[in-house]
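Novice: Here is a sequence together with a model predicted from it:
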Amino acid sequence: VQLQASGGGLVLPGGSLRLSCVASGSVWSINVMAWYRQVPGNQRELVASNTNNGGTRYAGSIKGRFSISRDNYKNIMWLQMNNLQPDDTAVYYCNAATHDGFTASDYWGQGTLVTVSS
């Protein structure tokens, strides 16, 4: 599975951005797609996840401000981020957890930088 993330950039506090992640390759094996973020010096943390049956999970710090969605036919995942705050500044990574019937694997996109600053 290959993942291509895009949509990051510089935004003012209170602003919005929408991140996109396009999956290709063995997409049939994907069970869960998710967004993580990482600030230099910190561990990568889960932001939001979305299962194949539409179940979602959000980190407490972004609940009510971010929304994850997927188009399973087009193999695209989005993260709508509203009311962005400086603490949301990070590199955002898309992730796919797969299982091909034999092996479970994790795949990562290249990351897209989100900077929230005035």
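Specialist: Cool, the structure landed.
Novice: Who does the residue positioned nearest the centre of the chain form a beta bridge with?
Specialist: Nearest residue to the geometric centre of the chain (C-alpha atoms, centre = their mean): Trp35, 2.2 Å. Beta bridges link Trp35 to Ala48, Cys94, judged by DSSP bridges.
Novice: pLDDT at it, what is it?
Specialist: Trp35 is assigned a pLDDT of 98 by the prediction.
Novice: Next: Gly41.
Specialist: 92.
Novice: That one - that's part of a strand, no?
Specialist: No. Judged by DSSP: H, G, I helix; E, B strand; the rest coil, Gly41 forms no part of a strand; its state is coil.
Novice: That one: neighbour count?
Specialist: If you count neighbours by other C-beta atoms under 10 Å, Gly41 ends up with 5. No exception for glycine: its C-beta is placed from N, CA and C like everyone else's.
Novice: try Ser69
Specialist: 14.
Novice: How about the one 5 residues further on?
Specialist: Counted with other C-beta under 10 Å, the burial measure for Lys74 works out to 9 neighbours.
Novice: Reduced to three states, what does it come out as?
Specialist: Classification of Lys74 by three-state DSSP places it in coil.
Novice: And for Ser69?
Specialist: strand.
Novice: measure the residue of the chain positioned farthest from its centre to Ser29 for me?
Specialist: Most distant residue from the mean C-alpha position of the chain: Phe102, 25.6 Å away (C-alpha atoms, centre = their mean). Per C-beta to C-beta, to the nearest Å, Phe102 is found 10 Å from Ser29.
Novice: What of Leu113?
Specialist: 29 Å.
Novice: Look at the two and report which has more neighbours.
Specialist: Higher neighbour count among Leu113 and Ser29: Ser29, with 17 against 11, using other C-beta under 10 Å.
Novice: dump the residue contacts of the more buried one.
Specialist: Contacts for Ser29 (C-beta atoms under 8 Å, 6 or more residues apart in numbering) come out as Val1, Thr98, His99, Asp100, Ser105.
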